[in-house]
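1. Quick one, fold the following:
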Amino acid sequence: MNAALAIIFVIFFYIISYPHAKNLQLGGYNIRYCLSHFYTLPYEFKGKNRLIFTKRMVRLCALYLFVLLAITLPYFILLNNFWWIALICVIEFAFLNAIFLGCALVIQPVENAIKKMYIKKATKKLRNFKGIKIAITGSFGKTSTKNFLSQMLSENYRVCITPKNYNTPMGLCKSALEILKEDDEVFIVEMGARHEGDIAELMQMLEPDFGILTAVGEQHLETFGSLENIKKTKFELCEHMCKDGLVIFDGDNEITGELYENFSGRKILAGGEGSLVKMLSATYTPQGTTIKLEINKKERSLTTAIIGKHMLSDIITASCLALELNVSENKIIKAIKNLRPAPHRLELIESAFCTIIDDSYNSNLSGLEQACECLKLFSGKKIVISPGLVEQGTKQYELNYKCGKIIGAVCDEFIVMNEFNKTALSQGAIAAGLSEEKMHFASTRKEQTEILKSLQERGSVVLFENDLPDNIK
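-> All right, here's what the predicted structure looks like:
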């Protein structure tokens, strides 16, 4: 009887540990991060994200179940005192997250060995790949540049790209082993980083022929520690570029321009001196952008659905490499005319009632400025929904105060979706002239939806700026 009751409790403990597993997965299986945020990680079953039962998570859950059985069965079977059993049950319940993280720590060497095996297998395939390999990194603009370049190069080549935000070593492994085909002619890889050495590891796996460095700025300061460390990490793309490899630098970003000056290899500053593609002018409207380009010293005018200054910089950067890879001017122009933003990156969603600007994928100060500039193009009531910026370390308050000022200067209503940034965002918005009555605070997505419904009117424009995973309040 006691054994059966123990199993019931084990199943109960196992099920209610779901949020702990989700938080670990959303934190990139970073045990140190989960321990440092042990008391602040939310305990939620619902939300935007679901636990994905990857092979790694299945292995961890199997070990966790075994440990729960090993802990629970003995005291249910050996103790006959109800109160002692109840007390130990309560203690076990209180330490479930610690037990789960302990299991993750125990199984970490196994996961590291599996990771090395996959990396070795993927690296071998990448070494044997006969096509052109392209690496893209930067603090922001990576995915947009990847997608724009893919659409341009597809005019001439069979192109494979890393999907979504597969920008880690295991993401590259998955892309190389499951998506890349032998007859593909170009492989474009997005490279993300949270720590020094992350880009170097990816570059050693890929050994690309070409590289693109998009805009660099204050992103993931909590893990990098400083802007200087971010610059060093992004520059790893240049340091590990293969001999005679060409690197294209975003010419509109000051920090990327500085890194351009520091690089002694083959290089092009997109839009700068020596660049075969330059932006001469741009006229923005809610329907898109009319741009005048100089390509190979010839002026070309066209209209694209892309809006936002930084997006146009990504187009110029991608165009420079497409031209280097012998895509004709006419094909580049054709591709630009047909470009569409990646999902959740200044994506316009029109309806008969209102317009939504979906810029919810992620955010940074420059990206937020761009989104708010786009918002100003529209008439009608302007509503902004944002949780602000996270992972900004010691600059958390300062940067979110600036965000609040930028948003407060352009919107009619502001819905804040982050307890942590609530004070900084609201004080910044009020300093910019937004009244307190126009500030709204939501702690759940349901509450956010209800507030938005009460504020919306026909013809209103809603900007969703940044979204957060469920492991950040």
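
2. going forward, measure contacts between C-alpha atoms and count neighbours the same way
-> OK.

3. contacting residues around stretch 319-330?
-> With contact meaning CA atoms under 8 Å, 6 or more residues apart in numbering, stretch 319-330 is reached by 149, 152-153, 155-156, 248, 270, 275-277, 295, 332.

4. Filter those residues down to just the ones in helices.
-> Counting by DSSP state H, those place 149, 152-153, 332 in helices.

5. With respect to residue 364, which of those residues is nearest?
-> When the ones in helices among the contacts of stretch 319-330 are compared for distance to residue 364 (CA to CA), residue 149 comes out closest, at 22.4 Å.

6. Not counting sequence-adjacent ones, nearest residue to that closest one?
-> residue 318 (4.9 Å; CA to CA, 6 or more residues apart in numbering).

7. Give me the mean pLDDT for the host helix or strand of that neighbour.
-> Under the criterion of DSSP states H and E, residue 318 resides in helix 309-324. In this model, helix 309-324 has a mean pLDDT of 93.

8. For that helix, C-alpha coordinates in CSV please.
-> The C-alpha coordinates for helix 309-324 follow below in CSV (Å, rounded to 0.1, in the frame of the first residue of the first chain):
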residue,chain,number,x,y,z
LYS,A,309,16.4,52.3,-41.6
HIS,A,310,18.2,49.3,-40.1
MET,A,311,16.4,46.9,-42.4
LEU,A,312,17.6,48.9,-45.4
SER,A,313,21.2,48.6,-44.1
ASP,A,314,20.7,44.9,-44.0
ILE,A,315,19.5,45.0,-47.6
ILE,A,316,22.6,47.0,-48.7
THR,A,317,24.9,44.6,-46.8
ALA,A,318,23.3,41.5,-48.4
SER,A,319,23.4,43.2,-51.8
CYS,A,320,27.1,43.7,-51.6
LEU,A,321,27.8,40.0,-51.1
ALA,A,322,25.2,39.0,-53.7
LEU,A,323,27.1,41.2,-56.2
GLU,A,324,30.4,39.7,-55.2
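
9. Residue 138 contacts residue 234, doesn't it?
-> Yes: when contacts are counted by CA atoms under 8 Å, residue 138 is listed as touching residue 234 (6.1 Å).

10. Please enumerate the shared neighbours of those two.
-> Residues touching both residue 138 and residue 234 (CA under 8 Å, 6+ apart) are 213, 216.

11. and residue 278, what pLDDT?
-> Per-residue pLDDT puts residue 278 at 92.

12. what sits opposite it in the beta ladder?
-> Beta-bridge partners recorded for residue 278 (DSSP bridges): residue 294.

13. How about the contacts made by it?
-> Counting by CA under 8 Å, 6+ apart, residue 278 has contacts 270-272, 293-295, 316.

14. quick one: contacts for residue 68?
-> Taking CA under 8 Å, 6+ apart as the test, what residue 68 contacts is 10, 13-14.

15. How far away from the center of its chain is stretch 451-465?
-> 25 Å (CA atoms, centre = their mean, to the nearest Å).

16. And the contacts of it?
-> With contact meaning CA under 8 Å, 6+ apart, stretch 451-465 is reached by 353-360, 362-363, 368, 371, 375, 378-388, 413, 415, 440, 442.
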